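1. Got a predicted structure here, sequence first:
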Amino acid sequence: MNRKNQQVEELLSHVRTLGRQGEIMEAGRLLRKMVKDHPDHPEIPFLLGVCYSQIERGDLARVWWKKALELNPQHIRAYAYLKKMEEADPTLIEIKEEGSGAIAGDLENCWDPTK
């Protein structure tokens, strides 16, 4: 494993630890930076989707889980999370708000819906 890949894996490990500790917002902040620096790594959008689901933003979680599947169609966890979400609410439709941060790629403006 080269140095760059090792650094990404170490950051992902740190993000997972933050998530287990309930530090969802901090994990999300790190993942937003990572997705910009490593746009082709499928685990990053998957974990970002998990963070969004934890703050009850299923619409944004779906966007990122789908992105993970675009990068790796065999990403079984992204597929399973999407399937579980659709089974919980089969009427879900993909919402594409004009200028929505996640869809437009501006995660800073959509991350915390309480602001």
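-> Cool, the structure landed. Numbers count the residues shown, from 1 in each chain.

2. Would you mind listing the residues in contact with the most centrally placed residue in the chain?
-> Centroid-nearest residue in the chain, with C-alpha atoms, centre = their mean: residue 48, separated by 1.9 Å. Residue 48 makes contacts with 28, 31, 32, 35, 64, 107, as judged by C-beta atoms under 8 Å, 6 or more residues apart in numbering. Placement of C-beta: from N, CA and C, glycine included.

3. which residue packs closest to the first one, ignoring adjacent ones?
-> Yep, that's residue 28 we're talking about. Leaving aside its sequence neighbours, residue 28 sits nearest to residue 51 (C-beta to C-beta, 6 or more residues apart in numbering; 4.2 Å).

4. wouldn't the one you found be in contact with residue 26 here?
-> No: contact criterion C-beta atoms under 8 Å: residue 51 and residue 26 do not qualify, at 9.6 Å.

5. Those two: which has the busier surroundings?
-> residue 51 (25 against 15; other C-beta atoms under 10 Å).

6. Where does the more buried one fall, secondary structure wise?
-> Secondary-structure element containing residue 51, defined by DSSP states H and E: helix 43-54.

7. Sweet, I'm off.
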